[in-house]
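**Q** Sharing a model that was predicted from the sequence below.
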Amino acid sequence: MRRIGPLAIYALWLRDVKRFARTPSRIIGSIAMPLLFLVFLGFGFSGAAIPGLPEGVDYLQYLVPGMVGFTMLFGASFAGMSILADQEVGFLKEILVAPVSRTSIVLGRIAGGSTTALAQAALILLLSIPLGFEIRSLLSLPLAVVVLLLIATTFVGFGVALASQFSDSEGFGLVVQFVIFPIFFLSGAIYPVGSLPAPVSTLALANPLTYGVDGLRAVLVGSSRFPLALDLGALVVSSILTVAIGTYLFERVEAV
């Protein structure tokens, strides 16, 4: 019987981190779109009267947590791409037949994907400061990291689950982009979801990123739609569900 191996988890985590660090084009590409959104929307709508915007919070302060959340969504979801890339070069087959449990492989992928997504989010947060973003308190940063890790775990699990159903990276890339943008636009990242029609607002309540972005606003800006405890609870539930589904589906992948 195969067991969960900490060394296997660590090895896969380290491999993903090194591969990310050694690919500058991937780092730049991962933050380019959120940064463009941040610059053009942040300055373009600066001072505009946006319905539903929290009182006393300017648009840039509102937008930055949304862009950090979007960066996490984009980076974490595409962590599944590395599984398909490994499948194409034969590495996935090697680790599937190794004497470690598939749960270890999934956990290693989740750890690596979460770490790289967290690095991308940190870059966006740092780049937003020269643009005028002000963090409420440096003491809130550890709690922000907790929120970010929960977002990353949720969507890396989603990426693993989705990648388990594909045999080619092209099809995965098309589908994941088709899924990512509705999640992004229904999260309240760039505008308050409370101002949307009631049926759409209801859909937003089923979106894990809604609670992730709201939690980031709570700890970084000091303004949120929901209590922070609700945001954290929803993220914990979503991360457990997506990791469980991702593990279950990955267990069914054939080593061919």
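**A** Good, I have the coordinates. None of the values given here were measured: they were computed from a predicted structure. Numbering: from 1, shown residues only.
**Q** Give me the below-cutoff pLDDT ranges for the stretch 151-256 of the chain.
**A** Residues of the stretch 151-256 of the chain meeting the criterion pLDDT under 70: 253-256.
**Q** Tell me where it has helices.
**A** Ranges of helices in the stretch 151-256 of the chain, per DSSP state H, counting those that start in this stretch, are 169-185, 198-205, 208-220, 228-251.
**Q** what angle separates the last one from helix 208-220?
**A** Here helix 228-251 runs at an angle of 140 degrees relative to helix 208-220 (axes from the mean of the first three to the mean of the last three C-alpha atoms, to 10 degrees).
**Q** got the CA coordinates for helix 228-251 in PDB?
**A** Extracted in PDB, the C-alpha atoms of helix 228-251 (Å, rounded to 0.1, in the frame of the first residue of the first chain):
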ATOM      1  CA  LEU A 228     -14.000  38.300   8.000                       C
ATOM      2  CA  ALA A 229     -14.900  35.100   9.800                       C
ATOM      3  CA  LEU A 230     -17.500  34.300   7.000                       C
ATOM      4  CA  ASP A 231     -14.900  35.000   4.300                       C
ATOM      5  CA  LEU A 232     -12.400  32.600   6.000                       C
ATOM      6  CA  GLY A 233     -15.000  30.000   6.600                       C
ATOM      7  CA  ALA A 234     -16.100  30.000   3.000                       C
ATOM      8  CA  LEU A 235     -12.500  29.700   1.800                       C
ATOM      9  CA  VAL A 236     -11.700  26.800   4.100                       C
ATOM     10  CA  VAL A 237     -14.800  25.000   2.800                       C
ATOM     11  CA  SER A 238     -14.000  25.700  -0.800                       C
ATOM     12  CA  SER A 239     -10.300  24.700  -0.400                       C
ATOM     13  CA  ILE A 240     -11.300  21.400   1.200                       C
ATOM     14  CA  LEU A 241     -13.800  20.600  -1.500                       C
ATOM     15  CA  THR A 242     -11.600  21.400  -4.500                       C
ATOM     16  CA  VAL A 243      -8.600  19.600  -3.000                       C
ATOM     17  CA  ALA A 244     -10.800  16.500  -2.300                       C
ATOM     18  CA  ILE A 245     -12.300  16.600  -5.800                       C
ATOM     19  CA  GLY A 246      -8.900  17.100  -7.400                       C
ATOM     20  CA  THR A 247      -7.400  14.200  -5.400                       C
ATOM     21  CA  TYR A 248     -10.300  11.900  -6.300                       C
ATOM     22  CA  LEU A 249     -10.100  12.700 -10.000                       C
ATOM     23  CA  PHE A 250      -6.300  12.500 -10.100                       C
ATOM     24  CA  GLU A 251      -6.500   9.000  -8.500                       C
END
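**Q** What residues sit buried inside it?
**A** If you call a residue buried by 16 or more other C-beta atoms under 10 Å, then helix 228-251 has these buried ones: 228, 231-232, 234-235, 238-239, 242-243, 245-247, 249-250. In short, each C-beta sits where N, CA and C put it, glycine included.
**Q** burial of Gly56, as a residue count?
**A** 9 (other C-beta atoms under 10 Å).
**Q** give me every residue that touches Leu216.
**A** By C-beta atoms under 8 Å, 6 or more residues apart in numbering, Leu216 lies in contact with 65-66, 68-69, 144, 147-148.
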